[in-house]
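Visitor: model the structure of this input:
(chains A, B, C and D)
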2 protein chains.
Amino acid sequence: MAMRMSDIAKLAGVAESTVSRAFSHPEKLRKETLERIMSIVRMYDYRPNAMAQAIARRHYALVSFLLYNKSRPFWGSTFYGPALDGFMERAKVRGHHVVLGATGIQNDFFEESFINDSIDGAVLASRDPDPIIKVFKKRGIPIVLFQNETSLENVGMVTNDDYNGMMQIMKHLIEEKGYEDIAFFSNRLSHVSNMQRYFAYVDALRQHGLRPYTNEELPEYKLYSTYDPNPTILARYERKDIPRFGTPFVVTSGRPNRVENDMLKLLPLRKMPRAIVCATDSIAIGVCRALQQKGFRIPQDVAVTGYDDMEMAAFFTPSLTTVHVDSFQMGAESMDLLQKYIDDPEHPSQCICLADELVIRESS
Amino acid sequence: MAMRMSDIAKLAGVAESTVSRAFSHPEKLRKETLERIMSIVRMYDYRPNAMAQAIARRHYALVSFLLYNKSRPFWGSTFYGPALDGFMERAKVRGHHVVLGATGIQNDFFEESFINDSIDGAVLASRDPDPIIKVFKKRGIPIVLFQNETSLENVGMVTNDDYNGMMQIMKHLIEEKGYEDIAFFSNRLSHVSNMQRYFAYVDALRQHGLRPYTNEELPEYKLYSTYDPNPTILARYERKDIPRFGTPFVVTSGRPNRVENDMLKLLPLRKMPRAIVCATDSIAIGVCRALQQKGFRIPQDVAVTGYDDMEMAAFFTPSLTTVHVDSFQMGAESMDLLQKYIDDPEHPSQCICLADELVIRESS
DNA sequence: TTGTATGCGTTATCAT
DNA sequence: ATGATAACGCATACAA
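Guide: As a prediction, the model looks like this:
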């Protein structure tokens, strides 16, 4: 159906290789023949087949952004969507096409749903990346982790500084606002990000001689998931003490509606905290709505903070004090870092950590 | 570096073609040899090169989602992100990989940034799709339009029913609420969706014997872009009369902050409308915030409605009366429809139009 | 400057 | 059931 290089060659009265050169090394051709070839190319609107080029060149010009998440939304989330935009912007600059992977099933990536061996590199977002990384290493495909870390060799990492971000929130709450009784709300602590935010919460309290809000309602209501910190992460940061230092509220889901429902059943708490620090903006919004329905004023009765600075945070009432995470930039940096590993597979492990910025609004 | 099929063949003591069969037609092999081959495959974790497969099979198992937008966000938007999720979910079911394209420059798609000729089909979201479609047709690549229409042959279309959605809003406002003085706010009317919503606004007023709110402030403030309806679209729907029937407010950008600023400079209007119908939720939120700052109560003083039902619409105060558009579903339908054209390039033009659902909340 | 020959990693056709 | 061989569409080393 479509034209091939040999067709063009015949029509132009030259060899196939000459047509090939017309595309990759036009300067090596005589002006006259180049023009003759190109006029035919234009006439038939011919373009070389990218796949055939890739296999002949042994260079695919293809990178992948792989997302392993429990469930939807994948790219539809306010976090990964912009990250993808950032990733794509840099990929285009470097001449890569991008093929996408998103799944709720870990092994999907190396089974049916993946363009095996045919990519130059991949960015991976996953809660439990090490097994995946190992497979990729085995096949010589460079990889960079998105918002996660690993101790494996030769892998790039791009993260945001969750620990410091939450530290800033806590200092704002304690030092500037003078709050002492501060609770922590999170969905399951399975991802490093949530864990890091929790670590900062605990450490900040300790540094100020305060003790964490203890969830006395836990056995009574049983609304929330188990408090089940990821042991690998605890070990990596030598944080074996954390589980015994207070208890966070762990809601059953991070979505505002679900949080709102959980919180509604929880209220009123026997002992209301003065401030509620949430692991994400979505959680904070759910918490706020439940609080507001029960007549609590924010921040006069209870202060609430979020994390991520999603668009909604600015437009919610009250607007949310939160920490801005630039996921677009993280996506862009991921691609830039990936390029280093594509160019030099021996590049040592390197972590780029973007600073998160405290945004003080009305809710605190 | 990576294993090739010939390596596996040597190790297993069989011909290359036998290894190939082990993957594509395992039933044709003797159990014994299949097992011998597969054990070696497992040992070296070998996988066939997808690109080489594609070129040998003349079937790429690759589809593309192409997005042509003025500027960012592309996939990071609350509309296209979920659409991508829907598209990917169906693509995976059908065994396609998906390669992405997003650009602010129309010609990018057929110049450098595109994996020429190497895809089985593409979904295209663009305000001005016809020139792009023509190029794809020429190369025999089937295409379906996302949220747009065309009169060209053999192309699929997936749209939402903007006209009826806005009709529902207008009926709600006029018949149930009894509002008569209703203004229309939009960003530039360059996309069919905005146009359709505007058509419905005008038609609903006419059907109820009302006249559209006329923007008397226009020459005075000059905040907004020109009212510049796309002539192609006007012609397609035989709507040449529309431009002379009242004037919509056209804000300089669809982003809430920009809308808020524009609106702030506009207020107070000499003659306040009783209701403001906005072309999108983002615009509605900007309008609401400006209104609230100037002391207007919503909906007691002015009612405001949106369109799209983005997540924020439900959590904004007041929660927004709007129309739910299921962009995830639209993405999914796009891929399903695309498959028809991949299987049968002669499939006639077909438009799948998803119904939009009115969601009544507090703002009206 | 251009042509020839060979290779890229796989599939498919035709033998055996 | 398996093997040899010719595609697939293009790139490149080498020869001319």
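Visitor: how is chain A divided into domains?
Guide: Chain A breaks down into these domains under automatic domain parsing: A:1-48, A:50-160+A:327-354, A:162-324.
Visitor: rebuild those as TSV, extending it with mean pLDDT and distance to DNA strand D.
Guide: Any C-beta I mention is one placed from the backbone N, CA and C, and that applies to glycine too. Listed next are the domains of chain A as TSV, based on pLDDT from 0 to 100; distance: least, C-beta to the nearest atom of the strand, whole Å:
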stretch	mean pLDDT	distance to DNA strand D
domain A:1-48	91	3
domain A:50-160+A:327-354	89	3
domain A:162-324	86	41
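Visitor: can I get those domains in a markdown table with distance to residue B:263?
Guide: As requested, the domains of chain A are exported to a markdown table (distance: least, C-beta to C-beta, whole Å):
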| stretch | distance to residue B:263 |
| --- | --- |
| domain A:1-48 | 47 |
| domain A:50-160+A:327-354 | 24 |
| domain A:162-324 | 14 |
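Visitor: dump those to CSV, plus mean neighbour count.
Guide: Converted to CSV, these look like this (neighbours: other C-beta atoms under 10 Å in any protein chain shown):
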stretch, mean neighbour count
domain A:1-48, 15
domain A:50-160+A:327-354, 20
domain A:162-324, 19
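Visitor: closest one to residue B:335 among those?
Guide: Distance to residue B:335, taken as C-beta to C-beta, is lowest for domain A:50-160+A:327-354 among the domains of chain A, at 12.8 Å.
Visitor: mind listing the helices for the stretch 1-150 of chain A?
Guide: Assigned by DSSP state H, counting those that start in this stretch, the stretch 1-150 of chain A shows helices spanning A:5-12, A:16-24, A:31-44, A:50-57, A:80-93, A:130-138.
Visitor: what's the spacing between the third one and its chain's center?
Guide: Put simply, helix A:31-44 sits 46 Å off its chain's centre (C-alpha atoms, centre = their mean, to the nearest Å).
Visitor: list the contacts of that helix.
Guide: Helix A:31-44 has contacts (C-beta atoms under 8 Å, 6 or more residues apart in numbering or on different chains) with A:3, A:7-8, A:11-14, A:18-19, A:22, A:26, A:29, A:46.
Visitor: how about the residue of the stretch 201-350 of chain A found nearest chain B, nearest residue that isn't a chain neighbour?
Guide: Closest residue of the stretch 201-350 of chain A to chain B, C-beta to the nearest C-beta: residue A:317 (4.0 Å). Excluding the flanking residues, the one nearest residue A:317 by C-beta to C-beta, 6 or more residues apart in numbering or on different chains is residue B:317, at 4.0 Å.
Visitor: my guess is that neighbour meets residue A:319, correct?
Guide: No: with contact defined as C-beta atoms under 8 Å, residue B:317 does not reach residue A:319; the gap is 10.6 Å.
Visitor: stretch A:13-23 vs DNA strand C: in contact?
Guide: Yes: judged by C-beta under 7 Å from any atom of the strand, stretch A:13-23 and DNA strand C are in contact via A:13-18, A:21.
Visitor: now, which of those sits nearest chain B?
Guide: Distances from chain B to the residues of stretch A:13-23 next to DNA strand C, taken by C-beta to the nearest C-beta, are shortest for residue A:16, at 15.8 Å.
Visitor: in this structure residue A:184 contacts residue A:204, no?
Guide: No: judged on C-beta under 8 Å, residue A:184 makes no contact with residue A:204 at a distance of 10.6 Å.
Visitor: please report how far residue A:54 lies from residue B:97.
Guide: 13 Å (C-beta to C-beta, to the nearest Å).
Visitor: kindly report the same for residue A:10.
Guide: Counting by C-beta to C-beta, the gap from residue A:10 to residue B:97 is 33 Å.
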